[in-house]
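Novice: quick one: sequence and predicted model below, then my questions.
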Amino acid sequence: MARKRKTDHDSAVAGALDLFWRCGYHGASTRELEQETGLTRFTLQTTYGGKEKFFLKTLDTYLDNAEARHFPDPDTYSLNDLSDWFQGIASAERMPKIEDAGCLAFNSISSFDRTDPEVNARIERYLTALEGRFAAILSRAKLEGAARIDVDPDEAAKLLIGLLLGLHTIMKARTSDQFPRSYADAAVGLINGWRNL
């Protein structure tokens, strides 16, 4: 029996998101995209502007969801919560399988020509939003006396971004799950070093 074609935008994006997350942009064929989304090649081209434009819409949805549900909350997170957030990324429950592509936003950094302004805008959104949240959490920790007075929240946030990118790189290249956990532990050690004991 032929698969019924879906026309619902949200369902199509959800199917594409799962495919791109598992295979990455370049690893997902147009035929697979048709199968996962229920869209025809014609609809993909005429309605969404082709595979890359549809990927960008999917990436926007991914970022919206990440900011709403997975990024650390700058209004409520303590230093302990921030440490737990890093360790959670490398936990058995959340770490992608070795054969999966992993974080869609991170993969976009290495999968596309960095002269593409639309891709760059999404990457900048991802990094800026996270860095801003890290800085806000650290600023509040300083005001509340939980972080040392000499800690510069903006500079500390940049260090955490570097560790986060390293963590995602290791998750993608790993041969063992222990490697990413070591990066998460390094982030926790850094955060612990900023505590006001």
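Specialist: Ah, there it is. Residues are numbered from 1 along each chain as shown.

Novice: okay, CA-based contacts and neighbour counts for the rest of this
Specialist: Will do.

Novice: which helices and strands does the strand or helix carrying Tyr126 pack with?
Specialist: According to DSSP states H and E, Tyr126 maps onto helix 117-143. Judged by 3 or more C-alpha pairs under 8 Å, 6 or more residues apart in numbering; DSSP states H and E, helix 117-143 is in contact with helix 51-65, helix 79-89, helix 104-111, helix 153-173.

Novice: run the last query once more with 6 Å
Specialist: The elements that helix 117-143 packs onto, with contact taken as 3 or more C-alpha pairs under 6 Å, 6 or more residues apart in numbering; DSSP states H and E, are helix 153-173.

Novice: so for the helix it packs on, what gets flagged as buried?
Specialist: Neighbour-count burial for helix 153-173 flags 153-154, 156-158, 160-161, 163-164, 167-172 (criterion: 16 or more other C-alpha atoms under 10 Å).

Novice: cool, and stretch 28-41?
Specialist: Buried residues in stretch 28-41, defined by neighbour count with 16+ other C-alpha under 10 Å: Ala28, Leu33, Glu34, Gln35, Glu36, Thr37, Gly38, Leu39, Thr40.

Novice: turn those residues into CSV, columns for secondary structure, distance to Ala135 and pLDDT.
Specialist: Formatted as CSV, the buried residues of stretch 28-41 follow (DSSP: H, G, I helix; E, B strand; the rest coil; distance: C-alpha to C-alpha, whole Å; pLDDT from 0 to 100):
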residue, secondary structure, distance to Ala135, pLDDT
Ala28, coil, 36, 89
Leu33, helix, 38, 93
Glu34, helix, 41, 93
Gln35, helix, 42, 92
Glu36, helix, 39, 92
Thr37, helix, 38, 92
Gly38, coil, 42, 91
Leu39, coil, 42, 91
Thr40, coil, 44, 91
